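Asks: Just need the structure, nothing else, for what follows:
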Amino acid sequence: MLRKVKTAAQQTQGIQTLLEAEKEAAKVVQEARQYRVQRLKDARADATKEIEKYKQEKDNEFKAFESTHAGSTSNLQSQVDSETNVKLETLKQAYENHKDDVVQKLLDRVVLVKPELHRNLRKAAQ
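Replies: Numbering: from 1, shown residues only. Model prediction:
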């Protein structure tokens with residue numbers, strides 16, 4: 001009977017050791033889960049920071065591109081305006097130079113009429 005008590009005590013002690021080992025293992029698993037969850041949170045935070053940084057860089061690149069091309073657009077507009085003004089001045093000058101000749105040619109055609117038969121009538125008469 002003493003032996004049975006000893007074995008029962010040993011079994012109880014063995015069971016107790018197993019329970020403690022199980023609790024320790026559960027604790028280790030729980031810590032591992034918490035560590036994994038924390039690593040995921042950190043990775044998400046780092047990824048978000050990286051995305052924001054990349055987004056900011058691309059936004060700055062776009063603004064620089066936009067400012068350089070918007071500036072060239074205004075430069076091109078002023079260049080086109082100056083070319084247009086030069087062409088207008090050329091046309092005005094040509095008008096002033098030739099207006100008297102054109103008016104004289106028109107008056108000559110209207111005032112100095114040469115009576116002639118129409119070409120179709122001439123062909124019929126022949």
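Asks: The protein: helices as residue ranges?
Replies: 2-111, 119-125 (DSSP state H).
Asks: In terms of mean pLDDT, which of those helices ranks lowest?
Replies: Sorting these by mean pLDDT places helix 119-125 lowest, at a mean of 72.
Asks: okay if I get the helices of the chain as CSV plus mean neighbour count?
Replies: No exception for glycine: its C-beta is placed from N, CA and C like everyone else's. Below are the helices of the chain laid out as CSV (neighbours: other CB atoms under 10 Å):
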stretch, mean neighbour count
helix 2-111, 10
helix 119-125, 9
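Asks: ok, now which ones touch the residue nearest to the spatial centre of the chain?
Replies: The centre of the chain sits closest to residue 62, judged by CA atoms, centre = their mean, with a distance of 6.9 Å. Residues near residue 62 by CB atoms under 8 Å, 6 or more residues apart in numbering: none.
Asks: Distance of it relative to residue 75?
Replies: 20 Å (CB to CB, to the nearest Å).
Asks: just residue 92 next, same as before
Replies: 26 Å.
Asks: CA atoms only for stretch 92-103 - export them in CSV, please.
Replies: Extracted in CSV, the C-alpha atoms of stretch 92-103 (Å, rounded to 0.1, in the frame of the first residue of the first chain):
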residue,chain,number,x,y,z
LYS,A,92,-0.7,96.3,-92.5
GLN,A,93,2.5,97.6,-94.2
ALA,A,94,1.7,95.6,-97.4
TYR,A,95,-1.8,97.1,-97.3
GLU,A,96,-0.6,100.6,-97.0
ASN,A,97,2.0,100.1,-99.8
HIS,A,98,-0.5,98.6,-102.3
LYS,A,99,-3.8,100.2,-101.5
ASP,A,100,-3.4,103.0,-104.0
ASP,A,101,-2.5,100.7,-106.8
VAL,A,102,-5.4,98.4,-106.1
VAL,A,103,-7.9,101.2,-106.0
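Asks: I'd like the distance between residue 90 and residue 117.
Replies: 44 Å.
Asks: Likewise for residue 85?
Replies: 51 Å.
Asks: next one: residue 42
Replies: 106 Å.
Asks: And for residue 111?
Replies: According to CB to CB, residue 111 stands 21 Å off from residue 117.
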